[in-house]
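Asks: Got a sequence here, can you model it:
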Amino acid sequence: MNIDNTASQMRKGVLEFCILSVIKQGEAYPSDIIDKMRAANLNILEGTLYPLLTRLKNAEFLTYRWIESNSGPPRKYFSLTEKGGLFYKELEATWNELANAVKALSDAEQEFTAEQAEQQAASPGNPTTNNPENTGN
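Replies: Modelled structure (predicted):
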């Protein structure tokens, strides 16, 4: 199994939430969204971003307006709609539940491993506890 492929699949699952998180902070131009996501170590390509923006707009979670640019054609700036704000809150709650569940499992594994190590060290059949050479005697 390739860790890069797994990490990529995990990122794809949260891209919409991440995009909405950026836009929630204020009106955003697509290259600004890309820059903010890259700053957070979430690399996204324009070819990935634009279809997601279109899907979010078509679902009425985003709206946009054109703003004239001094250095070229007008720019499309995206913002959250009221429906998008509600959807963001639902995604945030879902993300928090998922993150807490994963953390609980990870913490449980660490606790389980530590408990196993303690039990093994205390076990009468453990050669390190029963061998006088290992006890310093």
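Asks: quick one, longest helix in this protein?
Replies: helix 82-122 (DSSP state H).
Asks: what separates that one from the chain centre, distance-wise?
Replies: Distance of helix 82-122 from the chain centroid (C-alpha atoms, centre = their mean, to the nearest Å) equals 13 Å.
Asks: likewise stretch 62-71?
Replies: 28 Å.
Asks: just for the protein, where's the confidence low?
Replies: Scanning the chain for pLDDT under 70 picks out 112-117, 124-137.
Asks: on that earlier part again, for the longest helix of the chain, packing partners?
Replies: helix 3-24, helix 127-130 (3 or more C-beta pairs under 8 Å, 6 or more residues apart in numbering; DSSP states H and E). Placement of C-beta: from N, CA and C, glycine included.
Asks: do you know which of those helices lies nearest Lys76?
Replies: Shortest distance between Lys76 and the helices and strands packed on helix 82-122, using C-beta to C-beta, is found for helix 3-24: 12.2 Å.
Asks: what's the spacing between Asn5 and Leu105?
Replies: Distance from Asn5 to Leu105, counting by C-beta to C-beta, to the nearest Å: 22 Å.
Asks: and what of Gly13?
Replies: Counting by C-beta to C-beta - Gly13 and Leu105 are separated by 17 Å.
Asks: Then Asp4?
Replies: 23 Å.
Asks: Looking at the two, which is more packed in?
Replies: For the pair Asp4 and Leu105, the greater number of neighbours falls to Leu105 (10 against 7), based on other C-beta atoms under 10 Å.
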